[in-house]
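Peer 1: Just the structure for this:
(one chain, ligands or ions: 1)
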Amino acid sequence: MFNDLYQAVILDHYRTPSNVGQIEGAVQVRNDHPSCGDKVLLSVLVEDGIVQDIAFVGEGCSISQASLSLMTEAVKGQPVSVIRDLYSAFRDMIHGQEPDEELLGDMVALHGVSRFVARVPCAMLGWETLAQVLPLDQPAPDPDPTCGPG
Ligand code: ZN
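Peer 2: Below you'll find the predicted structure:
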């Protein structure tokens with residue numbers, strides 16, 4: 001499914017995930033992907049438009065748990081505007097586009113998931129949960145129609 005390097009990154013994060021736990025006073029959201037058995041309780045602490053802290057308690061397949069671990073590392077300390085870019089780049093990669101490696105860093109290890117449609121929700125679980133807390137799904141503003149030619 002994956003090449004060895006990517007496999008190692010995923011297994012590493014699956015076996016020893018980063019940012020495991022619950023955060024006192026944070027927004028907490030539960031989510032799951034029942035057809036695979038993936039579950040997560042995500043805690044997100046946002047102050048001044050910045051994710052000051054993030055943690056998760058999860059169970060499920062290596063893809064879902066590694067993706068959660070990688071996501072929490074990537075977004076911790078970041079402003080929501082940057083996280084929105086990460087989310088959209090990650091989602092595009094998981095849906096088959098060539099990844100922006102500079103932006104996504106270790107998360108490119110999950111690029112191979114794009115070839116396995118059934119695993120896409122595993123990789124997206126953490127991000128979709130985060131999108132319930134942060135306004136990540138807002139599309140870019142439409143170009144002002146009054147500024148068109150004519
Ligand atoms: Zn899964």
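Peer 1: Point out the residues in this protein that sit beside the ion.
Peer 2: C36, D38, G60, C61, S64, C122 (Cβ under 5 Å from the ion). (Glycine included, C-beta is placed from N, CA and C.)
Peer 1: and if we set it to 8 Å?
Peer 2: H33, C36, G37, D38, G60, C61, I63, S64, R119, P121, C122, L125 (Cβ under 8 Å from the ion).
Peer 1: Can you pick out the most distant pair from these?
Peer 2: G37 and R119 (12.7 Å; Cβ to Cβ).
Peer 1: Now do the shared contacts for the two.
Peer 2: C61 (Cβ atoms under 8 Å, 6 or more residues apart in numbering).
Peer 1: These two: who's more crowded?
Peer 2: Taking other Cβ atoms under 10 Å, G37 and R119 do not tie; R119 has more neighbours (21 against 12).
Peer 1: thinking the more buried one is in contact with A66, fair?
Peer 2: No - counting by Cβ atoms under 8 Å, R119 sits too far from A66 to count as a contact (11.4 Å).
Peer 1: Can you tell me the centre-most residue of this protein?
Peer 2: Centroid-nearest residue in the chain, with Cα atoms, centre = their mean: W127, separated by 3.3 Å.
Peer 1: what does the helix or strand that residue falls within rub up against?
Peer 2: Per DSSP states H and E: W127 is located in helix 120-130. The contact list for helix 120-130, computed with Cβ under 8 Å, 6+ apart, reads 29, 31-33, 35-36, 38, 40, 42, 44, 54, 56, 60-61, 63-64, 67-68, 71-72, 75, 83, 87, 90-91, 94-95, 110, 113-114, 136.
Peer 1: sorry, back to before: any idea which of the residues of the chain next to the ion has the most stuff around it?
Peer 2: L125 (28 neighbours).
Peer 1: Distance of it relative to E101?
Peer 2: Separation of L125 from E101 (Cβ to Cβ, to the nearest Å): 22 Å.
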